[in-house]
Structures are given as C-alpha cells and as structure tokens.
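J.: Quick one: sequence plus predicted model below, questions after.
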Amino acid sequence: MVFFALVGKLFLKLFVSLGKIILFIFLSFKYIFYPRFYFYLNIKYFLRILFSSIPIVALTAIFSGMVLALQSYTGFSRFAAETAIPKIVVITLTRELGPVLAGLMVAGRVGGAIAAEIATMRVTEQIDALKTLNTNFYNYLVTPKIITLVVAMPILVTFADIIGVYGGYLIGTLRLGFNETVYITNSIDFLSFNDYFSGIIKSIFFGLIISLMSCYNGLYTSNGSFGVGSATTNAVVSSSILILIFNYLLTELFF
C-alpha cells in the first residue's frame, strides 16, 4: 500500500507540474500581445543577452569547427574523399552543431542567470510587491525575456555558423594543406539556403525553450536560497534536454 501511495503521489505531482507549465506557457504567449509593453526592458535584455553570450558562443563554435575538420579528415582520408571535408564542415555546422551548441551555451549562460534573477525576486517577495503595485509580472519579467531570446538566438546562431566555418577553414588550410580558394569555393557552393534556414528555425525554438523554462523555474520556486540554486539547475537541465529533443524533432521535419 505504501508503494502505491508513493507512486500515486509521484503521478499527482507530475500532473500538477504539467498543468502549471501549460498554464504558464499560455499566459506567457497571451501577455506578449497584451499591454503594457516595456520596450526599454526588451532593449536592455537584448543587449545583455547578446554581448554576454557572444564570447562563449564564439569560443565553442571555433573549436567545434576545428575539431570537426580534423575528425572529418581522419574518416574521409581512408576513402580518398578529403575534398568533401569543407562541405561536411559547413553543412554540419549550419544545420546541427551551430544551433545546438549555441543553444546549450545560452541555456547555461543566460538561462541560468534568468532563473536565478526571477527566483531571487520570488523568495524576497519582490514579485508580490509588483502585484501590490498593480504591475503585471508577466509583462514586466517574462515576455521581455521571451521576445529578446527569440530575436537574439538567430543572431547568435548565425555568428556561431560563421565562426565555426572559419575554424574549419583554419584547420583545413593551415593544418591539412587545403588550397584557400578551393576550400572557400567548396564551402560556399555546397551550402544552400535551406541548410541555413533550418538552423535559424531551430534557433527560434531554442530561444523559446530557454526563456520559458528559465522563467518558469524561477517563478515557481521556494525554500529560500536553496530554492534559488534548485531553480537555476532545473532551468539549465530542462532547457538542455528539451533543446536536444526538439533538435531531433526539427531535424526529422527538415530531413
């Protein structure tokens, strides 16, 4: 009986959490189109997200491009197909590695910061103060972060694509002996708009996931400083898992 009680309690908690998430997502999208708008917060968050994420995204992208070029050479050289390396690097980065790695880095860098900020406001009763002042905390805290992340992620992913391809170019020309002109020509000729577009669509979904999960975990926290740490961890973990899941689903869609 104790076992069934624990299982029932677990499922009840799961359905309650699922209901909270669905309601939170519904209200978040509702208040995107609901006055009042805090445009200065959108600009503030956009600049903060963009400039705080560029270094870590660039570092991740350039080394990923370099490693991808080296590993591709290891495999393709066995079949005398080294000329395919520039093509593999550019398509892999634009369709997969660029969006996914940028999403994971932003989830860790920005998502954790958003969750910690909102969770701190929750445990210090600042959100209750906003309600007392008749300020809609969705408009003030949630929707600006959703809008700015959805706008910033395609820019960051485009930046990651460029830096990653450049990293592959450096290894290809300086380490593997490719002709510079041939490498660039092969990369540009093989890349199609659909490859880039699929990565941008992924980045928009990843921006939504990071903002929603971070804001949700921050708002629904408790237990003081311990709750702030748990909210931050849960935001990063849930965002990362959902990014990987949606990456597969979107890849199937664009396959």
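T.: On my side now, so go ahead.
J.: buried stuff in stretch 246-254?
T.: Going by neighbour count (16 or more other Cβ atoms under 10 Å), the buried part of stretch 246-254 is 246-247, 250. To be clear about C-beta, it is placed using only N, CA and C from the backbone, and glycine gets the same treatment.
J.: With only the CA atoms kept, save it in CSV.
T.: Extracted C-alpha coordinates of stretch 246-254, given in CSV (Å, rounded to 0.1, in the frame of the first residue of the first chain):
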residue,chain,number,x,y,z
PHE,A,246,13.4,19.4,-30.3
ASN,A,247,16.6,19.3,-32.3
TYR,A,248,15.8,15.8,-33.3
LEU,A,249,12.1,16.6,-34.0
LEU,A,250,13.0,19.6,-36.1
THR,A,251,15.7,17.6,-37.9
GLU,A,252,13.1,15.0,-38.8
LEU,A,253,10.9,17.8,-40.1
PHE,A,254,13.6,19.3,-42.3
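J.: Closest one of the buried residues of stretch 246-254 to residue 33?
T.: residue 246 (23.6 Å; Cβ to Cβ).
J.: didn't residue 95 look like it was pressed against residue 194?
T.: No: proximity of residue 95 to residue 194 does not meet the contact threshold set by Cβ atoms under 8 Å, at 9.0 Å.
J.: hang on, the earlier thing: a markdown table for the buried residues of stretch 246-254, including distance to residue 19?
T.: Output for the buried residues of stretch 246-254, formatted as a markdown table (distance: Cβ to Cβ, whole Å):
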| residue | distance to residue 19 |
| --- | --- |
| 246 | 21 |
| 247 | 26 |
| 250 | 26 |
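J.: Out of those, list just those in strands.
T.: Secondary structure from DSSP state E places none of those in strands.
J.: In helices only, show me these.
T.: 246-247, 250 (DSSP state H).
J.: just those now: which is nearest residue 231?
T.: Distances from residue 231 to those, taken by Cβ to Cβ, are shortest for residue 246, at 21.6 Å.
J.: so how many other residues sit close to the residue nearest to the closest one when sequence neighbours are not counted?
T.: Spatial nearest neighbour of residue 246, excluding adjacent residues (Cβ to Cβ, 6 or more residues apart in numbering): residue 205 at 5.4 Å. Neighbours of residue 205 under the rule other Cβ atoms under 10 Å: 19.
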